[in-house]
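Undergrad: After the sequence you'll find the predicted model.
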Amino acid sequence: MPLIALTREISPAIARCELTHLERTPIDLEIARAQHAAYERTLAAAGCIVQRLEAAPDTPDSVFIEDIAIVFDEIAVITRPGAEARRAESPAVAEAVARHRPVRRIELPGTLDGGDVLRVGRTVFVGCSGRTNAAGIGQLRCTLRPLGYDVREVEVHGCLHLKSAMTAASDELLVMNPAWIPGADVTGFDVLEVHAEEAYGANVLRLGDRVLHAAAFPRTRERLEARGVRVESVDVSELAKAEGAVTCCSILIPV
Ligand code: CIR
């Protein structure tokens, strides 16, 4: 099945990005753009049709498109980002996903970031984090339950989003840093833990027969490969300074 990968241009204002757990350090825009272009080429090499949206004016975090919409087989959910400054990113992303799915929206008082939503088969893990509140999770559950999804809430502490702490390498295997999600109910799944010195190594992007993973975490990569996972490493070090990782730079839409 063809797979569209929506990506978004890096804003020239990325130096003013939201930061929660990291100190602000200079981001080299040219290097960041080169890394982003290489990321897009890796998506294309894995068979994706890459469609890059322009950054909206004055949206420093626009490259992190994952937070703005979540695409399921049946519908797409337009989020209401927990960081108010990021809500201006929504219109163009909503318009792009609406070409492929009926759209639902998270409404006030709910907040929800796509980085807090991990779908694995018919299970949807949702992080309760600094960005995603109980009302947002409740609205997502009401939307997904009638479609047959099992929505599991996960408390997130110490990192930005659920997917900083846990993603899936396959329908059976979760990659996680348990320190940030100690209470996660992962019943029914295998778990692979990140290497102790690679706290941010749990973020992988599934792409058919392989996963994308940040090059900064080679020891976690070894663990994934030891489990038979095919790993493509991409250097996203400049985007990591903005608290971004590999999942957050795309929205995948099977079409
Ligand atoms: C933010 O704080 O919103 C951005 N600087 C980083 C967002 C990263 N998003 C993600 O991992 N899903």
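TA: On my side now, so go ahead. These numbers were taken from a predicted model, which means no experiment stands behind them. Residues are numbered from 1 along each chain as shown.

Undergrad: which residue ranges form the helices in the stretch 151-255 of the chain?
TA: 162-165, 218-226, 237-240 (DSSP state H, counting those that start in this stretch).

Undergrad: Of all the ones you listed, which one comes closest to A196?
TA: The closest of these to A196 is helix 218-226. By Cβ to Cβ, the value is 8.8 Å. The way it works is simple: take the backbone N, C-alpha and C, and place the C-beta from them, glycine included.

Undergrad: got the buried residues for that closest one?
TA: Burial within helix 218-226, assessed by neighbour count using 16 or more other Cβ atoms under 10 Å, is assigned to T220, R221, R223, L224.

Undergrad: Enumerate the residues of the stretch 51-200 of the chain near the ligand.
TA: By Cβ under 6 Å from any ligand atom, the residues of the stretch 51-200 of the chain that approach the ligand are D61, F64, E66, D67, A83, R86, G115, H161, K163.

Undergrad: ok, 5 Å please
TA: For the stretch 51-200 of the chain, the contact set with the ligand under Cβ under 5 Å from any ligand atom comprises D61, F64, E66, D67, G115.

Undergrad: what about the first one, neighbour count?
TA: The one in question is D61. Counted with other Cβ atoms under 10 Å, residues neighbouring D61 total 28.

Undergrad: where does it fall, helix, sheet strand or coil?
TA: Following DSSP: H, G, I helix; E, B strand; the rest coil, we place D61 in the coil state.

Undergrad: How about it: what's its closest non-neighbour residue?
TA: Spatially, and ignoring its direct neighbours in sequence, D61 is nearest to C17 (5.0 Å; Cβ to Cβ, 6 or more residues apart in numbering).

Undergrad: residues in contact with the one you found?
TA: The contact partners of C17, taken as Cβ atoms under 8 Å, 6 or more residues apart in numbering, are I27, P60, D61, A242, E243.
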